[in-house]
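Asks: what would the 3D arrangement of this be:
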Amino acid sequence: MRKSSVVLLSAGLDSTVNFYAAMNETDVKLALTFDYGQKAAPKEIERSKMIANLLGVPHKIVELPWLKDLGASALTQDRMAIPAGKSALENPSMSVQTAKAVWVPNRNGVFLNIAASFAESLHAQLIVPGFNREEATTFPDNSLDFIRSARKAFSYSTANHVDVQCYTIAMAKNEIVDLGKKMRVPFESIWPCYQARDRWCGECESCERSKRAFKMAGLDFNYLYERY
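Replies: The predicted model follows:
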């Protein structure tokens, strides 16, 4: 029997590819986008809504304004500049520092728990986040161990034992692009950037990872950049 799911959608590379994979493998009942005061929120919401509409899936924005006030993250605090990413990709120790600069306390833990509540209420068996092996080296809440821990917790906290399924958990970014190519993901519609400008900034770590992945997968980042 085909399972049903709730997808966490930020319109980034990982979440969008997981959304398309979930569409192939499950009955997607809802796409959730979180607004926690992040600088990229307007673009993430705009693009997530666009992608969900393209696939004919109901889309809901969950507002978490209190999360912005916790900790000191460059993603949410106007007084803090978002670190440029290229040097971080080339220097693992610097990547650890940039990860700390954009860390939002328990963000993915909050997201998964909210998604599990929606999934249980909709009688969906799965929630689908967008994690990957590459970023798990500096973001432990992107890791398989984190998913396993969430699964165990939800076996107690949800009546239908909601499971967590991430189709890219063992992949590097370029492998995620390759998977997206096979599923004809419209990469020009995604928003991988930490900023909310007219175009991807091309300089933050998320943009730099995407640029590198597109290049390794044989796609022209500048072409995608000019498409929207």
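Asks: which stretches in the protein count as strands?
Replies: 4-8, 27-35, 59-63, 126-128, 163-164 (DSSP state E).
Asks: now tabulate those in JSON lines and tack on distance to Ser206 and mean neighbour count.
Replies: Using the backbone N, CA and C atoms, a C-beta is placed for each residue, glycine as well. Converted to JSON lines, those look like this (distance: least, C-beta to C-beta, whole Å; neighbours: other C-beta atoms under 10 Å):
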{"stretch": "strand 4-8", "distance to Ser206": "16", "mean neighbour count": "27"}
{"stretch": "strand 27-35", "distance to Ser206": "16", "mean neighbour count": "21"}
{"stretch": "strand 59-63", "distance to Ser206": "20", "mean neighbour count": "15"}
{"stretch": "strand 126-128", "distance to Ser206": "20", "mean neighbour count": "28"}
{"stretch": "strand 163-164", "distance to Ser206": "22", "mean neighbour count": "21"}
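Asks: can I get those in a markdown table with mean pLDDT and distance to Pro83?
Replies: Formatted as a markdown table, the strands of the chain follow (pLDDT from 0 to 100; distance: least, C-beta to C-beta, whole Å):
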| stretch | mean pLDDT | distance to Pro83 |
| --- | --- | --- |
| strand 4-8 | 98 | 24 |
| strand 27-35 | 98 | 22 |
| strand 59-63 | 98 | 26 |
| strand 126-128 | 98 | 29 |
| strand 163-164 | 98 | 29 |
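Asks: ok, Val162 - contacts?
Replies: Contact analysis of Val162 by C-beta atoms under 8 Å, 6 or more residues apart in numbering lists Ala116, Ala119, Glu120, Ala124, Gln125, Leu126, Ile127, Phe154.
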